[in-house]
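# kindly generate the corresponding structure for this input.
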Amino acid sequence: MDVSSKTVVQNILRFFLLILFQVLVLNHINLGGFINPYYYVLFILLLPFNTPRWLLLVSSLLLGTGVDLFTNTPGLNAAACILTAFIRPFLITLISSGPESLIGDTPSLKNQGIKWFLYYSIALVLVHHFALFFLEVFRLDEFFRTLLRVILSSLFTLLLILITEYLVFPGRK
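This is a model prediction of the structure:
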């Protein structure tokens with residue numbers, strides 16, 4: 001199996017495993033009504049740099065729709081995923097000093113280092129969670145309560161992502 005076929009298979013497996021983990025485990029975590037981890041966003045974060053934009057958007061739509069189907073939230077997760085995928089290429093360009101700084105095929109803690117990976121992850125997770133929670137509430141009278149949910153849930157999600165980067169993927173920093 002060549003490198004590109006291996007990458008495709010890994011991403012398809014990651015796609016389904018993250019949806020299953022999200023709907024079967026993480027959707028049942030609700031700490032004080034403020035912390036709801038949405039770890040499935042890791043799929044969008046770990047897609048290869050050279051993923052065509054159309055494929056990035058379509059796969060993000062499918063990811064969000066998959067979660068929406070199991071959680072009875074029609075379109076909420078899909079919209080948040082599409083926004084996250086739309087912003088991703090611009091963010092990569094913004095935080096990278098040039099194409100030479102993008103080491104490896106995929107964004108990772110090992111390849112880009114802790115500083116780059118944290119900027120990247122924090123920004124995209126906040127975009128995703130902000131869109132998701134504010135679309136869910138769809139009013140501004142609970143702005144600060146919703147903003148607190150965004151921040152706390154983002155922190156918990158980021159913690160899960162960093163644990164994954166350090167423990168699950170062998171050979172990473």
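
# return the alpha-carbon coordinates of the host helix or strand of L83 using PDB.
Element membership for L83 (DSSP states H and E) is helix 76-95. What follows is helix 76-95, C-alpha atoms only, in PDB (Å, rounded to 0.1, in the frame of the first residue of the first chain):
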ATOM      1  CA  LEU A  76     -25.700  22.300  13.900                       C
ATOM      2  CA  ASN A  77     -22.600  20.200  13.800                       C
ATOM      3  CA  ALA A  78     -22.500  20.200  10.000                       C
ATOM      4  CA  ALA A  79     -22.500  24.000  10.000                       C
ATOM      5  CA  ALA A  80     -19.800  24.300  12.600                       C
ATOM      6  CA  CYS A  81     -17.700  21.700  10.800                       C
ATOM      7  CA  ILE A  82     -18.000  23.500   7.500                       C
ATOM      8  CA  LEU A  83     -17.100  26.800   9.000                       C
ATOM      9  CA  THR A  84     -14.100  25.200  10.700                       C
ATOM     10  CA  ALA A  85     -13.000  23.600   7.400                       C
ATOM     11  CA  PHE A  86     -13.500  26.800   5.500                       C
ATOM     12  CA  ILE A  87     -11.300  28.700   7.900                       C
ATOM     13  CA  ARG A  88      -8.600  26.000   8.200                       C
ATOM     14  CA  PRO A  89      -6.500  26.800   5.000                       C
ATOM     15  CA  PHE A  90      -6.500  30.600   5.800                       C
ATOM     16  CA  LEU A  91      -5.400  29.800   9.400                       C
ATOM     17  CA  ILE A  92      -2.600  27.500   8.200                       C
ATOM     18  CA  THR A  93      -1.400  30.300   5.900                       C
ATOM     19  CA  LEU A  94      -1.700  32.900   8.600                       C
ATOM     20  CA  ILE A  95       0.300  31.000  11.300                       C
END
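
# max-length helix in this structure?
What stands out as the longest helix in the chain, according to DSSP state H, is helix 114-137.

# return the set of buried residues in the helix holding L83.
Buried residues in helix 76-95, counting neighbours by 16 or more other C-beta atoms under 10 Å, are found at 76-85, 87-88, 92, 95. C-beta: built from backbone N, CA, C; applies to glycine.

# fine, thanks again, bye for now.
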